[in-house]
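Trainee: Please work out how this folds:
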Amino acid sequence: MSLHHDHFEPSPKAPLIALAAVAGLALALASSVSFGLVGRDAVPEISRTAAGTQMASSRSLHFQDAADGGVVVYDAATDTEIARVEPGTGGFIRSTMRGLAHVRQREGLDAATPFELTLWDNGGLTLTDPATGETRELDAFGKDNRAAFAVLLEREAT
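Mentor: Sure, this is the predicted structure:
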């Protein structure tokens, strides 16, 4: 009787081959976009230009933190208050603006340049920071979050 007991079981080859094929396909697709073999339709600016999309309306906005924790939104052209996001509300506006402000801070830029909120004739809505070149496609965050910014286009000064 032998005390040698072998537990070696060879790995099935089919799953390993499938895994390698998926990884190879992902690498090939990513490379084809990088080398220009496949168009970059997912870039909104390029898609808008190709479709001939025009700006329907636009507004320059300043956002300022209030002493009570709120956020005051100003029309940059008239320097008048158009909205106030009360403390504990407006989470999407707050997080979006904090992210854009962080990019400005990281690049050593001040808050003097207003943000551009643009409605396109195809219904798209973008928020752009001309100081950094950052753009947020607000439609990508759902209709409620889009609406939080869309109201700033029409709102009159308070």
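Trainee: mean confidence score for the helix or strand hosting residue 62?
Mentor: Using DSSP states H and E, residue 62 maps to strand 55-65. Across strand 55-65, pLDDT averages out at 93.
Trainee: mind listing what the next helix or strand after it pairs with, with the direction of each?
Mentor: Scanning forward in sequence from strand 55-65 by DSSP H and E, the next helix or strand is strand 71-75. Within its sheet, strand 71-75 is paired with strand 55-65 (antiparallel), strand 80-85 (antiparallel), according to DSSP bridges.
Trainee: hmm, back to that, what are the contacting residues of the strand holding residue 62?
Mentor: 71-77, 79, 82, 97, 101, 111, 114-121, 152-153 (CB atoms under 8 Å, 6 or more residues apart in numbering). No exception for glycine: its C-beta is placed from N, CA and C like everyone else's.
Trainee: make it 7 Å
Mentor: Outside strand 55-65, the residues that touch it by CB atoms under 7 Å, 6 or more residues apart in numbering are 71-77, 97, 114-121, 152-153.
Trainee: ok so, going back, save the strands paired with strand 71-75 as CSV, and put in distance to residue 147 and mean neighbour count too.
Mentor: CSV is the format used below for the strands paired with strand 71-75 (distance: least, CB to CB, whole Å; neighbours: other CB atoms under 10 Å):
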stretch, distance to residue 147, mean neighbour count
strand 55-65, 15, 15
strand 80-85, 13, 16
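Trainee: pLDDT weak spots in the protein?
Mentor: 1-6, 39-42, 156-158 (pLDDT under 70).
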